[in-house]
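**Q** Sharing a model prediction with you, sequence too.
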Amino acid sequence: MEEDGALLGAIAGGSKAAFRSYYERHAGRLLGYVLRVTRDRSLAEDVVQDVFTSVWQKAASYRAEQGSPLAWMYMIARNKLVDRWRRRTPGEEPGPSEEERPLHDFVQADPELSMSLERALDGLSPEQRQAVELAVLGGYTHEEAAVALAVPLGTFKSRVRMALLHMRALLTE
């Protein structure tokens, strides 16, 4: 990760070679992340392009004390997605809210299960709920979800574990 920080520093200085290296290292993984969120290849490719344009233009604004270079880039991606969903034109399919997307498939499959699951999720803290939705319901690895949320992996795993214990207690009542 130190290498990513050095690359961002070089990108801030205008190095096209550093940008190319950073892009080659992370574009595929970022595309996979955005594609899982949007489920639309064209939109995902547009968002990735926007993210890397921002990386080129704003590399100087990266601050290591605020998180890793990857967390910074994933936050840019998240913000780009939210901006696109907010700008949609009338009549266009709305984008998923952060709360709706992971539960959508469950709601369609079994409404009774969905109600129980929603009640159990409502009993969680916002951090725990987000962790469960990404890792358990959203299909992200713990590492991907920790990066996306800009939290240490151990913290993320603790949130998931505590949330699942709480949900198990609620669902078995």
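**A** Great, that's in hand. Numbering: from 1, shown residues only.
**Q** pLDDT weak spots in this protein?
**A** Applying pLDDT under 70 to the chain picks out residues 1, 85-115, 117, 136-139, 173.
**Q** which residue ranges form the helices in it?
**A** Counting by DSSP state H, one finds helices in the chain at the ranges 2-12, 16-38, 41-58, 69-87, 101-109, 111-122, 126-132, 142-149, 153-172.
**Q** List the residues that contact the residue positioned nearest the centre of the chain.
**A** Centroid-nearest residue in the chain: residue 148, 4.1 Å away (criterion: Cα atoms, centre = their mean). Residues near residue 148 by Cβ atoms under 8 Å, 6 or more residues apart in numbering: 33, 71, 74, 78, 134, 140. C-beta: built from backbone N, CA, C; applies to glycine.
**Q** The third one against residue 37, yeah?
**A** No: applying Cβ atoms under 8 Å as the test, residue 74 and residue 37 come out as separate, 10.6 Å apart.
**Q** How is this protein partitioned into domains?
**A** Structurally, the chain divides into domains by automatic domain parsing as follows: 2-87, 101-172.
**Q** ok so, going back, CSV please, covering the contacts of residue 148 and showing distance to residue 60 and neighbour count.
**A** Formatted as CSV, those follow (distance: Cβ to Cβ, whole Å; neighbours: other Cβ atoms under 10 Å):
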residue, distance to residue 60, neighbour count
33, 24, 24
71, 17, 17
74, 19, 23
78, 21, 19
134, 30, 25
140, 30, 21
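**Q** right, and out of those, which lies closest to residue 8?
**A** Nearest to residue 8 among the contacts of residue 148, counting by Cβ to Cβ, is residue 71 at 12.1 Å.
**Q** my guess is the closest one meets residue 145, correct?
**A** No: assessed by Cβ under 8 Å, residue 71 is found out of contact with residue 145, at 11.5 Å.
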